[in-house]
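>>> Quick one, what's the 3D model for this:
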Amino acid sequence: MNNLSAEDIRAALRSVKYPGYSRDIVSFGLVQDIRVDGDRVHVVLHLNSPNVEAGRKIREDSQALLESLPGVREAVVELIQPAAAGAGGPDPWAHQTRVPGVRRVLAVASGKGGVGKSTVAVNLACALQRLQARVGLLDCDIYGPSIPLMMGVRQRPTLSAREMLVPPVGHGVKLMSIGFLLDDDQPVIWRGPMIQKTIQQFLTVVEWGELDYLLVDLPPGTGDAQLSLCQAVPLDGGIVVTTPQAASVGVVRKGIAMFQKVNVPIVGIIENMSFFEAPGGQRIEIFGHGGGRAEAARQGLRFLGEIPIYQEIREGGDRGLPVVVGAPDHPAARAFLEIAEAIRRAVD
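Sure, this is the predicted structure:
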């Protein structure tokens, strides 16, 4: 007699990985319905991507797993998937490839500018490095690269024997940015195809080596750079940065929706510029407070933490010495380290 419940089936399906990812189909939200009728199991999977091979592999792996469970005589796996190439146009994700040697690729994004996203990305990269991880940081803000300044690195990448770009290293983090390849104050006046090609090259012709995490600092919005990255490489997660105010949180929802539409799991939300503590100890909420946490709860996402306003954060970015490196015992540095720990737990 079969005593399996729908929750038992769901738990078993966590061993089925999405092709090319380390995450399972349950955490991706692909399992839409489970019905158990005696020794018969019926599972409905909903795949957003039109990738035919991915759908076939997920269905076959799920079918094999269910048939191997004790007490299951018949298993039916129903796959719901958008039209594939040829039926509704080319598959935009057909050319995704993993970055050799990189375990996790995480995108740091925001719906709007001015929320301190690059500052957060830089300090998170340094925080993960301080937690003994091997870290790379890719600046995908082609029009406004800021990583060279914030990390205090000016030298150009060198070429390896294989004619690959060797990324400069700052504070133990491997770095790549269009800012390393341009003269100071030289503007980038490119259309979308050039941006797409540059981002693909930063992923494929750079010798990243063995990394635990490659953080990608995206420009604000949901334009060419974001789409190019999602099409070029399978992302293991998106980290969304916001400030507490309603204007910022409202736009952040677009960034969350973008990740969801391209099937990228969202690691969580960070609230930057959360509050300011005056010299007398008075807490001043310049941009309000709690908007990021409330939005995470509304969306059913993790709230990774809040970062108060500290002058030391701004000064560290201006000097090329992130506060996590320059003042590791400062409360600001501790805030970034706690969030880095939360990210590591979430993705690993």
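>>> any low-confidence regions in the chain?
1-2, 48-49, 82-97, 183-193, 195-196, 221-232 (pLDDT under 70).
>>> okay, now the domains of it?
6-80, 102-347 (automatic domain parsing).
>>> all strands of the stretch 201-348 of the chain, in order?
Taking DSSP state E, counting those that start in this stretch as the test, the strands found in the stretch 201-348 of the chain are 211-217, 237-242, 266-277, 283-284, 303-309.
>>> Ok, which of the ones you listed comes nearest residue 172?
Set against residue 172 and scored by C-beta to C-beta, the strands of the stretch 201-348 of the chain come closest in strand 211-217, at 11.8 Å. Yep, even glycine has a C-beta here, placed from its N, CA and C like the rest.
>>> what comes into contact with that closest one?
99, 101-108, 117-118, 121-122, 124-125, 128, 133-141, 147, 174, 208, 229, 235 (C-beta atoms under 8 Å, 6 or more residues apart in numbering).
>>> Try it again at 7 Å.
99, 101-108, 117-118, 121, 124-125, 128, 133-141, 147, 208, 229 (C-beta atoms under 7 Å, 6 or more residues apart in numbering).
>>> what number of residues lie near residue 282?
For residue 282, the neighbour count with other C-beta atoms under 10 Å is 8.
>>> Was I right to think residue 153 contacts residue 176?
No: contact criterion C-beta atoms under 7 Å: residue 153 and residue 176 do not qualify, at 10.4 Å.
>>> if I look at the closest residue to residue 158 other than its chain neighbours, how far off is residue 180?
Nearest residue to residue 158 in three dimensions, chain neighbours excluded: residue 166, at 4.6 Å (C-beta to C-beta, 6 or more residues apart in numbering). Note on residue 166: its distance to residue 180, by C-beta to C-beta, to the nearest Å, is 11 Å.
>>> Name the residue in the two with the higher neighbour count.
Between residue 166 and residue 180, counted using other C-beta under 10 Å, residue 180 has the larger neighbour count: 19 against 16.
>>> I'd say the residue nearest to residue 158 and residue 174 touch.
No: taking C-beta under 7 Å as the definition, residue 166 is not a contact partner of residue 174, at 9.0 Å.
>>> Phi, psi for residue 112 please.
phi -140, psi 160 (degrees, to the nearest 10).
>>> Kindly report the same for residue 210.
Here residue 210 shows phi and psi, under degrees, to the nearest 10, equal to phi -90, psi 120.
>>> which neighbours do residue 166 and residue 180 share?
The contact lists of residue 166 and residue 180 share residue 157, where a contact means C-beta under 7 Å, 6+ apart.
>>> Looking at residue 153 and residue 176, which has the bigger crowd around it?
residue 176 (25 against 20).
>>> Give me the distance from the one helix or strand that one maps to to the chain's centre.
If you go by DSSP states H and E, residue 176 is part of strand 173-177. Mean C-alpha position of strand 173-177 versus that of the full chain (C-alpha atoms, centre = their mean, to the nearest Å) differs by 17 Å.
>>> what does stretch 163-174 give?
21 Å.
>>> repeat for stretch 102-117
Worked out by C-alpha atoms, centre = their mean, stretch 102-117 lies 7 Å from the chain centre.
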